[in-house]
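Trainee: How does the following fold in three dimensions:
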Amino acid sequence: METAAISALGVIGFAVAVTNQLARRLLIPPILLYLIIGVLAGPSVFGVFSPDALHEIFPLALEVLVGLLVFEGAFAIDVQFLRRVGAVVRNLLTVGLSTTFLAGALLAGLLGVLPWGTAFMFGALVSVTGPTVIGPLVRSVRLNDHVRAVLLGEGVLIDPLGAILAVVVLQFALSGLHAEPFLWVPSRLIGGAALGLVGVLVVRGVVRLNRDPSPTEMTLLLLGVSAGTLALSERLLPASGLTAMATMGVVLAGADLPHRDVVRSFEDELSRILLAAVYILAAATLDLGLLRALWPNGVLVVIGLMVIVRPLSVALCSLRSDLRARERLYIAAIAPRGVVAVALAAFAGEALGAELFGPELTALVFLTVALTVAVQSSYAAPLARLLEVRSMRALIAGAGTVSRRIGQQLHAGGFDVMLIDPNEDVVARAREDGLDAEVGDASNVTLLRKLGGGEAALAVGGSNSDEANLLFCQYVLAENPEATAFARVEQSDAVEAFRRSGIATIGADEAVADALMAVIGQPVLQEALAPGGEDRLTVEFVVGSGLDGRRIRDLQLPQRVLVLLVRRANEDVVPHGETVLQRGNRLLLFGGAEAVADARQRLALIE
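Mentor: Numbering: from 1, shown residues only. This is a model prediction of the structure:
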């Protein structure tokens, strides 16, 4: 056992060291490389290690690794937007889970890939997506808030439900139908959630005792309590650990915790190691001969899951929702299977044995994971561009006070904002304000390319260096001629160089004069819409099909928000309550920053 454990550790370490860089070079998801390395290292090919030789360490390691990955995914959820699409996520966790379970079983059974008892086990295993696959995809494609919240919310919260369903079906397959599971399921859901809340209380209690923890202390606190909660859940209520981790992660994601961004960054790096371990250990159980035997019916099962079952499930779950048709279509096209399906397939295959087609089940689940990840990752970005469900990218040179304020207002206006500054302390302050920020030189072409400068819709040169601002804006405009660029100019004799490059400029003197005139000219309006010195915000919003034909008065905008202008193809209309909106109109919203941001989100949710 010791030799097998050391060999497995060596393979995992090698994979972690080279896979992400190799995957980026080959433009393929790292998960596929992990699966390939696991199969090659397993008994089917080179026999570097065998899961059977690990004995009880093998299931224990998978259980702990998957639990921590579920916590990390749940902690990364944007709770604010999860609340706004809660009905869709709830439906995906109930109707969607049931639909995928039954339809997946029917496909595997009717096509003769698995006997019916094992086919239902397959349906349970592929009913989950998973944050370990969805999370990297969402980050790389930069989806809008609604689509991101639905995919991440489903991926995190469906894992414990699918795991419990799989355990119940496995019990049926092994020992037949009896009454115990009908009591067992709610006890694991309710008990796991309760134990997850206990973990939350421990974290909150420690934070109150130590009001100023360091980033390292906060990271260790969350990792330690999550591991302890997972162990306690599995000790008291076996199979409740994933529910506890999902509950604890989601609740803490919505809590006001210090150094949140630093902790999330560390957990993201840690998750890569955990992810490699799970996929490699599970893939080592695969028999390549059985995988080849699945052609062609096994491939047809996977295709059916992608092109029939998933669209049907999303269509049922998003009926009467606030999601736009193109957002529903994108969600229907994205459902790669991940770490929970792989880990549980390894468990189930061993438990069922050859007589109940356990190895064939494992092979079919691995085929499903490999194909859904490979195919859907390949079209995720172009499909998002085609359906226009990506968030608008804004890059800002500098992370000082002015740049942070611009970034916050752009973020409230729906932009995906990234600040770039060479000063680590300034970048840290930007991250504390909830903004994405990177340490580096904004005129460094390699860095700008890495941060998606060629896809930016907006560039803002906000640093105190005219040269850096000019080079930064010129790069973005060269890579994307349709982008818009603005820059702060310190030296008046540099203005002409900016304007020749198509960059709108503003100097410090102009900014102060305009701000003073805004207060002098409209003091009553300024105070009414943004009392107490609150930041003001102006946002443009494009009217979609859901608002077509509605009157301004029917929008039920928050107080202190005005529709200043309605821009149409051939005219600008100063609106009143009876003004009827048309699809494609652009509304100019003005008011207090929080109220305007809330108004924009409300309008965006109207289909």
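Trainee: For the rest of this, base every contact and every neighbour count on C-alpha atoms.
Mentor: Fine.
Trainee: And the residue nearest to residue 287 when sequence neighbours are not counted, what's its pLDDT?
Mentor: Among residues not flanking residue 287 along the chain, residue 44 sits closest, at 5.8 Å (Cα to Cα, 6 or more residues apart in numbering). As predicted, residue 44 sits at a pLDDT of 87.
Trainee: try the one 10 residues further on
Mentor: pLDDT, residue 54: 78.
Trainee: where does the stretch 451-600 of the chain dip in pLDDT?
Mentor: Scanning the stretch 451-600 of the chain for pLDDT under 70 picks out 507-537, 545-546, 570.
Trainee: Which stretches in it count as helices?
Mentor: Taking DSSP state H, counting those that start in this stretch, the helices of the stretch 451-600 of the chain run over residues 466-479, 495-500, 508-521, 523-529, 593-604.
Trainee: Now do the domain split for this structure, please.
Mentor: 2-387, 392-516, 535-604 (automatic domain parsing).
Trainee: Now render these as JSON lines, adding mean neighbour count.
Mentor: As requested, these are exported to JSON lines (neighbours: other Cα atoms under 10 Å):
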{"stretch": "domain 2-387", "mean neighbour count": "20"}
{"stretch": "domain 392-516", "mean neighbour count": "19"}
{"stretch": "domain 535-604", "mean neighbour count": "17"}
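Trainee: Which of those domains comes out lowest on mean pLDDT?
Mentor: Across these, domain 535-604 gives the lowest mean pLDDT, at a mean of 77.
Trainee: who's in contact with the residue nearest in space to the middle of the chain?
Mentor: The chain has residue 135 as the residue nearest its centroid, 4.0 Å off, counting by Cα atoms, centre = their mean. Neighbouring residues of residue 135 by Cα atoms under 8 Å, 6 or more residues apart in numbering: 73, 152.
Trainee: one more time with 6 Å, if that's ok
Mentor: Listed by Cα atoms under 6 Å, 6 or more residues apart in numbering, the contact set of residue 135 is empty.
Trainee: measure it to residue 126 for me?
Mentor: 18 Å (Cα to Cα, to the nearest Å).
Trainee: Residue 572 now?
Mentor: For residue 572, the distance to residue 126 - Cα to Cα - is 52 Å.
Trainee: What of residue 331?
Mentor: Separation of residue 331 from residue 126 (Cα to Cα) stands at 17 Å.
Trainee: and the strand or helix carrying residue 328, what other elements does it pack with?
Mentor: Assigned by DSSP states H and E, residue 328 belongs to helix 325-333. Packed against helix 325-333, as judged by 3 or more Cα pairs under 6 Å, 6 or more residues apart in numbering; DSSP states H and E, are the following elements: helix 310-317.
Trainee: which other helices and strands contact the helix it packs on?
Mentor: By 3+ Cα pairs under 6 Å, 6+ apart, helix 310-317 packs against helix 325-333.
Trainee: so how far is the helix or strand just after the helix it packs on from its chain's centroid?
Mentor: Sequence order places helix 339-352 as the next helix or strand after helix 325-333, per DSSP H and E. Its chain's C-alpha centre and that of helix 339-352 lie 25 Å apart, by Cα atoms, centre = their mean, to the nearest Å.
Trainee: Show residues contacting helix 339-352.
Mentor: 125, 282, 358, 359, 362.
Trainee: okay, that helix in CSV with CA atoms only?
Mentor: Taking C-alpha atoms only, helix 339-352 is exported to CSV below (Å, rounded to 0.1, in the frame of the first residue of the first chain):
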residue,chain,number,x,y,z
VAL,A,339,-15.6,15.7,-10.3
VAL,A,340,-18.5,14.3,-8.4
ALA,A,341,-19.6,12.1,-11.3
VAL,A,342,-16.1,10.8,-11.8
ALA,A,343,-15.5,10.0,-8.1
LEU,A,344,-18.9,8.4,-7.6
ALA,A,345,-18.5,6.3,-10.7
ALA,A,346,-15.3,4.9,-9.3
PHE,A,347,-17.1,4.0,-6.1
ALA,A,348,-20.1,2.6,-7.8
GLY,A,349,-18.1,0.5,-10.3
GLU,A,350,-16.2,-1.2,-7.5
ALA,A,351,-19.4,-1.8,-5.4
LEU,A,352,-21.5,-3.2,-8.3
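Trainee: Starting from that helix, tell me the next helix or strand along the chain.
Mentor: helix 358-387.
Trainee: okay, the angle between that following helix and helix 339-352?
Mentor: 170 degrees (axes from the mean of the first three to the mean of the last three Cα atoms, to 10 degrees).
Trainee: Please name every helix or strand in contact with helix 358-387.
Mentor: helix 339-352.
Trainee: In this structure residue 245 contacts residue 73, no?
Mentor: No. Counting by Cα atoms under 6 Å, residue 245 does not reach residue 73; the two are 9.5 Å apart.
Trainee: who touches both of the two?
Mentor: Counting by Cα under 6 Å, 6+ apart, nothing touches both residue 245 and residue 73.
Trainee: now the nearest residue to residue 185 once chain neighbours are set aside: how far from residue 243?
Mentor: The shortest distance from residue 185 to any non-neighbouring residue, by Cα to Cα, 6+ apart, is to residue 164 (6.9 Å). Separation of residue 164 from residue 243 (Cα to Cα) stands at 9 Å.
Trainee: Same check on residue 43?
Mentor: Taken as Cα to Cα, the span from residue 43 to residue 243 is 33 Å.
Trainee: and if you look at residue 282?
Mentor: 21 Å.
Trainee: Once you drop chain neighbours, what's closest to residue 559?
Mentor: Nearest non-adjacent residue to residue 559 (Cα to Cα, 6+ apart): residue 595, at 7.3 Å.
Trainee: separation between the one you found and residue 539?
Mentor: Residue 595 is 11 Å from residue 539, by Cα to Cα.
Trainee: go on, residue 214?
Mentor: From residue 214 over to residue 539 (counting by Cα to Cα), the distance is 37 Å.
Trainee: cool, and residue 419?
Mentor: Distance, residue 419 to residue 539, by Cα to Cα: 20 Å.
Trainee: before we move on, what about residue 504?
Mentor: Taking Cα to Cα, one finds residue 504 at 18 Å from residue 539.
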